[in-house]
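Asker: Prediction below, plus the sequence it came from.
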Amino acid sequence: MQRFKGLLLAAALVMIMAAAAGCNGQLGSWLQKAKGPEPQLIKVHIQFTNQKDLVCYVKSLGIEKDAQVYTGGPSANNMYDRNGNITGSFNYQQVMYMEILPEDATGQN
């Protein structure tokens with residue numbers, strides 16, 4: 001019985017090594033979730049309720065799927081620079097409107 005368990009373990013080890021060799025040793029790729037392409041950043045001019053305005057990039061014009069929504073309605077959505085780096089966050093509850101800008105626009109009318 002002990003010999004049978006040893007053979008079974010050896011066979012399982014050989015199968016794992018063969019599978020790893022078949023995917024160039026990247027076993028982690030089997031375990032990772034399939035990720036879709038990153039959403040394209042949209043350049044926007046945001047007008048806030050306190051009359052302040054801001055030009056930045058966002059991933060969507062609505063609340064992002066990875067944004068935080070808190071009890072009572074406030075939300076925390078990220079804003080980005082043109083390279084996709086997070087530069088801050090904003091609350092949609094304080095946004096009057098967002099205007100989509102062409103890439104070469106400054107946002108100041």
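Answerer: Sure thing, it's come through.

Asker: Can you pull the poorly scored residue ranges out of the protein?
Answerer: Along the chain, the model assigns pLDDT under 70 to residues 19-36, 63-74, 105-109.

Asker: Tell me how it divides into domains.
Answerer: Listed by automatic domain parsing, the domain ranges of the chain are 2-31, 42-100.

Asker: As CSV, those domains with mean neighbour count would be great.
Answerer: C-beta: built from backbone N, CA, C; applies to glycine. Below are the domains of the chain laid out as CSV (neighbours: other Cβ atoms under 10 Å):
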stretch, mean neighbour count
domain 2-31, 10
domain 42-100, 13
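
Asker: CA atoms only: put the lengthiest helix in the chain into PDB for me.
Answerer: As assigned by DSSP state H, the longest helix anywhere in the chain is helix 2-22. Backbone C-alpha positions of helix 2-22 (Å, rounded to 0.1, in the frame of the first residue of the first chain) are rendered in PDB as follows:
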ATOM      1  CA  GLN A   2       2.800   2.400   0.900                       C
ATOM      2  CA  ARG A   3       4.500   1.600  -2.500                       C
ATOM      3  CA  PHE A   4       1.200   2.400  -4.300                       C
ATOM      4  CA  LYS A   5       1.000   5.800  -2.600                       C
ATOM      5  CA  GLY A   6       4.500   6.600  -3.600                       C
ATOM      6  CA  LEU A   7       3.900   5.600  -7.200                       C
ATOM      7  CA  LEU A   8       0.700   7.700  -7.300                       C
ATOM      8  CA  LEU A   9       2.600  10.700  -5.900                       C
ATOM      9  CA  ALA A  10       5.400  10.300  -8.400                       C
ATOM     10  CA  ALA A  11       2.900  10.100 -11.300                       C
ATOM     11  CA  ALA A  12       1.100  13.200 -10.100                       C
ATOM     12  CA  LEU A  13       4.400  15.000  -9.800                       C
ATOM     13  CA  VAL A  14       5.400  14.000 -13.400                       C
ATOM     14  CA  MET A  15       2.100  15.200 -14.700                       C
ATOM     15  CA  ILE A  16       2.400  18.600 -13.000                       C
ATOM     16  CA  MET A  17       6.000  19.000 -14.300                       C
ATOM     17  CA  ALA A  18       4.800  18.100 -17.800                       C
ATOM     18  CA  ALA A  19       2.000  20.600 -17.700                       C
ATOM     19  CA  ALA A  20       4.300  23.300 -16.400                       C
ATOM     20  CA  ALA A  21       6.700  22.600 -19.200                       C
ATOM     21  CA  GLY A  22       3.900  22.800 -21.700                       C
END
